[in-house]
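Undergrad: predicted structure and sequence below. I'll ask about it afterward.
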Amino acid sequence: MNSRGWDTARLGDHCSKIGSGATPRGGESVYQDNGVSFIRSQNVYNGQFAIDGLAHLNDDHAEMLKGVTVESGDVLLNITGDSVARSCRVPDEVLPARVNQHVAIIRPEPEKFDSRFIAYFLISPFMQDTMLSLAGSGGTRKALTKEMIERFAVPKPPLPVQICIASILSTYDDLIENNRRRMALLEESARLLYREWFVRLCFPGHEHTRIIDGVPEGWEKRNLGSVAEVNRQSLTAAHDGEIEYVDISSVTPNHINETTTYNFRDAPSRARRIAQHGDIIWSCVRPNRRSHAVIWQLPSNLIVSTGFAVITPTELPTSYLYQATTTDAFVGYLENHARGAAYPAVVAGDFERAMIVVPPKMLVASFDELVKPLLMQTHNLQQQNQKIRAARDLLLPRLMSGEIAV
């Protein structure tokens, strides 16, 4: 029982489906840019669905996975690996969809539970701690089983109360989503300007500039290592104190979705790479997933996984270098140099040897003058979202326990 006298229910007794998905025959080789959505663990964050990096299947492969079809209102839960316990509801805009074996579908019976209520319950501090404890109890690989999920004890207030609680909390998420859309527009503005000036070569003054060997006069092609340092600093084992850690699974294209606070002694062994304001982080593993982001006014004790290449600009501003190192051509270069079958990866030297175009300083400065404010606005919106999320997370357990009446 709880402070409002609500009963608790076994989750498995009130769901029409609890189960994980599967990988299509052929694995990543059958993924495509459009078709039926294929949801993986990197798409699922607490209270947030990351569309960046969403894979798709053709109708034939989707039909083979029809048993793991996602329906409107389904709750998604990561059940294996470092992202275990992350949970959100599926957004209708990605349907129709299937899930892979690392993600579970939880489909509450609508006459018993509001699916939004279940989704918020799963990201409450109590359930996050509970799931992480359960996931770490069975062996070396973190995992939640179907049986564990079915046994979850969920508070069961009357359905109208569930709906009211979910509606209050969703107000915060609506604000977060609105900010995300604004951030996406800012990021797209920067990309479009880069393409216009430095790919299509319609930069200010292009009418009076000769093209020599495919490059405007006065421009250079240089390797990245000549205009930036890669992995400049790392922590030693003797370091002490608190760190804010960024793991590869926490980064999607253009975004650091979350950080984890550790005492360094308790941090993962890969928590070694120092990243500072203006740096660019790029995942060395599976570069086709485009897990990269700009470090912009984040905590001074920020440490990222050694699975990232940390690119520190030396001759070019972050605004230009980030666009130059996230183009389709640059990603294609990394994919072609990745080694390994199961986990294709590049190394720091591959980044250093990559070629980029370096325009004249005055033109780069003009670009920076236009794009740097977009980085600032994006950062401010990210900060707003952190505060909104913190307010939601403070309110969530008090609503779930009935401490605050609705």
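TA: It's in.

Undergrad: okay, residue 144: pLDDT?
TA: In this model, residue 144 is scored at 95, pLDDT.

Undergrad: can you tell me the closest non-neighbouring residue to it?
TA: Spatial nearest neighbour of residue 144, excluding adjacent residues (C-beta to C-beta, 6 or more residues apart in numbering): residue 79 at 4.3 Å. The C-beta positions use only the backbone N, C-alpha and C, and glycine is treated the same way.

Undergrad: how about that neighbour, phi and psi?
TA: phi -120, psi 0 (degrees, to the nearest 10).

Undergrad: contacting residues for it?
TA: If you count contacts by C-beta atoms under 8 Å, 6 or more residues apart in numbering, residue 79 has them with 20, 102, 103, 104, 135, 143, 144, 145, 149.

Undergrad: one more: residue 109?
TA: Residue 109 is in contact with 14, 15, 16, counting by C-beta under 8 Å, 6+ apart.

Undergrad: helices along the chain, start to end?
TA: For the chain, the helices defined by DSSP state H cover 59-64, 115-122, 125-135, 146-150, 159-194, 318-324, 328-337, 348-353, 361-401.

Undergrad: between these, which one is nearest to residue 291?
TA: Taking C-beta to C-beta, helix 328-337 is the member of the helices of the chain nearest to residue 291, at 10.9 Å.

Undergrad: who does that closest one touch, helix- and strand-wise?
TA: Using 3 or more C-beta pairs under 8 Å, 6 or more residues apart in numbering; DSSP states H and E, the elements in contact with helix 328-337 are helix 348-353.

Undergrad: is it true that residue 21 touches residue 100?
TA: Yes: contact criterion C-beta atoms under 8 Å: residue 21 and residue 100 qualify, at 4.9 Å.

Undergrad: and the contacts of residue 79 as TSV, adding neighbour count?
TA: Listed next are the contacts of residue 79 as TSV, based on neighbours: other C-beta atoms under 10 Å:
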residue	neighbour count
20	20
102	20
103	26
104	25
135	21
143	17
144	21
145	15
149	21
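
Undergrad: please flag which of the residues you listed sit within strands.
TA: 20, 103, 104 (DSSP state E).

Undergrad: can you convert those into TSV and add a column each for pLDDT and distance to residue 84?
TA: Shown next, in TSV, are the ones in strands among the contacts of residue 79 (pLDDT from 0 to 100; distance: C-beta to C-beta, whole Å):
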residue	pLDDT	distance to residue 84
20	92	12
103	96	11
104	96	10
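
Undergrad: ok, the nearest residue to residue 14 once chain neighbours are set aside - contacts?
TA: Using C-beta to C-beta, 6+ apart and skipping the chain neighbours, the partner closest in space to residue 14 is residue 112 (4.2 Å). Counting by C-beta under 8 Å, 6+ apart, residue 112 touches 9, 14, 156, 159.

Undergrad: quick one: contacts for residue 271?
TA: Counting by C-beta under 8 Å, 6+ apart, residue 271 has contacts 235, 243, 245, 262, 264, 303, 304, 305.

Undergrad: compare those residues and tell me which is most surrounded.
TA: residue 304 (29 neighbours; other C-beta atoms under 10 Å).

Undergrad: on that earlier part again, and the contacts of residue 112, which of them are buried?
TA: In the contacts of residue 112, burial by neighbour count holds for residue 156, counting by 16 or more other C-beta atoms under 10 Å.

Undergrad: from the contacts of residue 112, which land in strands?
TA: Using DSSP E, those in strands are 9, 156.

Undergrad: report the two of the contacts of residue 112 separated the most.
TA: 9 and 159 (12.1 Å).

Undergrad: for residue 340, give me phi and psi.
TA: Torsion angles, degrees, to the nearest 10, at residue 340: phi 110, psi 140.

Undergrad: which residues does the residue nearest to residue 165 when sequence neighbours are not counted contact?
TA: Among residues not flanking residue 165 along the chain, residue 399 sits closest, at 4.8 Å (C-beta to C-beta, 6+ apart). Applying C-beta under 8 Å, 6+ apart to residue 399 gives the contacts 165, 168, 169, 406.

Undergrad: neighbours of the residue lying closest to residue 406 once chain neighbours are set aside, just the number please.
TA: For residue 406, ignoring the flanking residues on the chain, the nearest one in space by C-beta to C-beta, 6+ apart is residue 164 at 4.4 Å. Residue 164 sits with 17 neighbouring residues when counted by other C-beta under 10 Å.

Undergrad: before we move on, the earlier item: now restrict the contacts of residue 399 to buried residues only.
TA: Buried by 16+ other C-beta under 10 Å: 165, 168, 169, out of these.

Undergrad: name the nearest of those relative to residue 30.
TA: When the buried ones among the contacts of residue 399 are compared against residue 30 (criterion: C-beta to C-beta), the nearest one is residue 169, at 37.5 Å.

Undergrad: so that closest one versus residue 103, what's the distance?
TA: Distance, residue 169 to residue 103, by C-beta to C-beta, to the nearest Å: 22 Å.

Undergrad: still on that earlier bit, in TSV, list the buried ones among the contacts of residue 399 along with distance to residue 228.
TA: Output for these, formatted as TSV (distance: C-beta to C-beta, whole Å):
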residue	distance to residue 228
165	49
168	46
169	42
